[in-house]
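Novice: Structure of the sequence below:
(chains A and B)
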Amino acid sequence: MSRFVLSFFQCVISIALLCLEMVGRVHAQPSCDDPVNLPNPVYLSVGDTQINLMRELGAKLRTTEQITLIWRAAGSCTNLDTLYGDLRLSGNLSYIPAGYDPQTTPTPPVCTLAAPGVLVDVANSIVFLDGCPTPKPNDVLDTLGPVQSFVFAVPLASSQSAITAEEAYFVFGFGMAGQVTPWLDNSLLFGRPTTKGTVISIGASIGVPAGKWQGVKVNLSQELASMLSAAPNPDRALGVLGGEVYDSYRTTLKALAFRAYQQTRAYWPDSTLSGFDKQNVRDGHYHLWSYTHWLQRTDALGKPRKALAQRVVDILVGNSVQPPALFEPLDSTVRVGLIPRCAMKVQRSSEGGDFSLYRSDQPCGCYFDSRATGTTRCSNCADSSSCSGGTCRHGFCEER
Amino acid sequence: MERVSIARCALFLLVLQSGCPDVAGMSNEDHLLDLSASDLACIVSPRTHVEILNACTNAQSIEKRPVLPLLRSDGTLPPLP
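Specialist: Numbers count the residues shown, from 1 in each chain, chains lettered A, B, ... in the order given. Have a look, this model is predicted:
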């Protein structure tokens, strides 16, 4: 009898231990260097404004090419320093697993990488490189990517609808001492740390260097959006965000129209407050934007150290790749609120610098409109013979 | 000759009215008031930075002229603290 009881308890304990182990396995984070579950890894260090792009593009790359994007989100200058200094990534990193759907799983899972970790393959900056203190080494390749807009945002309940460059100069350069009504409470002015591209870029447009910003410095864009949304006095609250982050918070925040120096009227990034066409960014009525940059170390021959990373970068920025991608590369960019350079009509060569007219050699404005807004005035086409002038690109008759 | 001038004038006014629309809800008076202010007209064929910023557009826009106590009397900005 006693032997039976002992065996019974041994059995129960064994089952319990087995269950605990299984639970532990379920909840344990996988290793980032697991070649079975995370095949063909490309390690990136990106701005937190680019997380949506990682999710969208990563899902397609994982499904069609078995490439696994693994990344850490940090400020632009931190990302550059990581690549320039050959610093290693370790600890918890986000990644795209098999079957990942960005629509149903907003927050990608995390894998872990033991020290000493790995070298980063791609670093991202959302500002011109000279906006960060460390100079670019000669063996770093900089690939210009899609355009990222920035916004001054307020809680949806705010009565404000526009801000001028002069107002922004006084608000974020002087804080409440700037005496700009209604933004008179430093605890409700939400900026970012000095390494973040958002304040570097907007600062260049309003004349307030990142190190001079007054108000609360919030580390993460998403955290800033949440704090701004919940601000106790909506009229006095004001923050800065990447345009595509703002797009995710339109139910609780609204962008302010911005009037640049030497401009007569204030405009939103889109042609209307509620639009998604980025018309004013594309044609130069909206001043607050910069290019995304995608950087890689090169070998002695000047080629990127990891060919797979180069392919990812090429797809991301819209360069042609061989073999061609099995999905439309521009889709991910447009879907997350970025603007492919081929859809731009203006350009600039420095942070917050002057505009000049721009015409892409391979324009994609029609395609951009169709994807961003669902409509376009351009004709559909299968090839250029069906276009009366111009060229058929991405299924639409573009001007050339 | 006179007809040409009238036509040019009408065209100019048409461009002004269509090129710089205001946000929904602003009255016609507001709109006309804007046009008589310093930004007399939008730019039809922009080439320079300032012209691009102020080019004619169908986008909604807002005119804002805030009171800024710290602005210098000559309209320039004081240095940052």
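Novice: How about the residues of chain B by chain A?
Specialist: Residues of chain B lying close to chain A by CB under 8 Å from any CB of the partner chain are B:20, B:23, B:34, B:38-39, B:46-47, B:49-50, B:52-55, B:57-64, B:66-71, B:77, B:80-81. Every residue, glycine included, has its C-beta placed from N, CA and C.
Novice: Of those, which belong to strands?
Specialist: Among these, no residue falls in strands (DSSP state E).
Novice: For chain B, give me its nearest residue in chain A.
Specialist: A:Thr264 (3.0 Å; CB to the nearest CB).
Novice: Burial check on that residue, number of neighbours?
Specialist: A:Thr264 is flanked by 19 other residues according to other CB atoms under 10 Å in any protein chain shown.
Novice: so it touches B:Asn54, yeah?
Specialist: Yes. Using CB atoms under 8 Å, A:Thr264 is in contact with B:Asn54, at 5.4 Å.
Novice: List phi and psi for the residue of chain A closest to chain B.
Specialist: A:Thr264 adopts backbone torsions of phi -90, psi -20, taken as degrees, to the nearest 10.
Novice: right, and B:Arg47 touches A:Phe355 too?
Specialist: No. If you go by CB under 8 Å, B:Arg47 and A:Phe355 don't touch, sitting 10.4 Å apart.
Novice: Between those two, which has more neighbouring residues?
Specialist: A:Phe355 (22 against 11).
Novice: Quick one, grab the pLDDT at the more buried one.
Specialist: Note on A:Phe355: pLDDT of 98.
Novice: Return the residues in contact with it.
Specialist: A:Phe355 is in contact with A:284, A:346-348, B:49, B:52-53, counting by CB atoms under 8 Å, 6 or more residues apart in numbering or on different chains.
Novice: and it, how far is that from A:Ala260?
Specialist: Per CB to CB, to the nearest Å, A:Phe355 is found 10 Å from A:Ala260.
Novice: Okay, buried residues for stretch B:68-81 please.
Specialist: Within stretch B:68-81, the residues scored as buried using 16 or more other CB atoms under 10 Å in any protein chain shown are B:68, B:77, B:80.
Novice: low-scoring stretches of chain B, by residue?
Specialist: B:1-40 (pLDDT under 70).
Novice: How about chain A?
Specialist: A:1-27.
Novice: So A:Ala382, which state does it fall into?
Specialist: coil (DSSP: H, G, I helix; E, B strand; the rest coil).
Novice: the helices in the chain, which residues?
Specialist: Using chain A here. Secondary structure of chain A (DSSP state H): helices located at A:2-27, A:51-65, A:76-84, A:165-174, A:197-206, A:221-229, A:243-247, A:279-283, A:307-317, A:329-335, A:365-373.
Novice: Oops, wrong one, chain B.
Specialist: Using DSSP H, helices in chain B cover B:2-19, B:28-36, B:49-53.
Novice: What is the shortest one packed up against?
Specialist: If I follow you right, that is helix B:49-53. strand A:356-357 (3 or more CB pairs under 8 Å, 6 or more residues apart in numbering or on different chains; DSSP states H and E).
Novice: Can you give the distance of the strand it packs on from its chain's centre?
Specialist: 25 Å (CA atoms, centre = their mean, to the nearest Å).
Novice: Ok, stretch A:316-326 next?
Specialist: The answer for stretch A:316-326 is 20 Å, by CA atoms, centre = their mean.
Novice: Please list the outside residues in contact with that stretch.
Specialist: A:53, A:57, A:60, A:64-65, A:143-146, A:294, A:311, A:313-315, A:329-330, A:332-333, A:340-342, A:364.
Novice: So for it, what gets flagged as buried?
Specialist: A:316-318, A:325.
Novice: C-alpha coordinates for it, PDB please?
Specialist: Extracted C-alpha coordinates of stretch A:316-326, given in PDB (Å, rounded to 0.1, in the frame of the first residue of the first chain):
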ATOM      1  CA  LEU A 316      13.400  48.600 -48.600                       C
ATOM      2  CA  VAL A 317      14.500  51.700 -50.600                       C
ATOM      3  CA  GLY A 318      12.900  50.500 -53.900                       C
ATOM      4  CA  ASN A 319      16.100  49.500 -55.800                       C
ATOM      5  CA  SER A 320      15.800  46.700 -58.300                       C
ATOM      6  CA  VAL A 321      16.900  43.300 -57.100                       C
ATOM      7  CA  GLN A 322      17.800  40.000 -58.700                       C
ATOM      8  CA  PRO A 323      15.900  37.800 -58.400                       C
ATOM      9  CA  PRO A 324      13.000  40.200 -58.100                       C
ATOM     10  CA  ALA A 325      11.100  40.200 -54.900                       C
ATOM     11  CA  LEU A 326       7.900  38.200 -54.900                       C
END
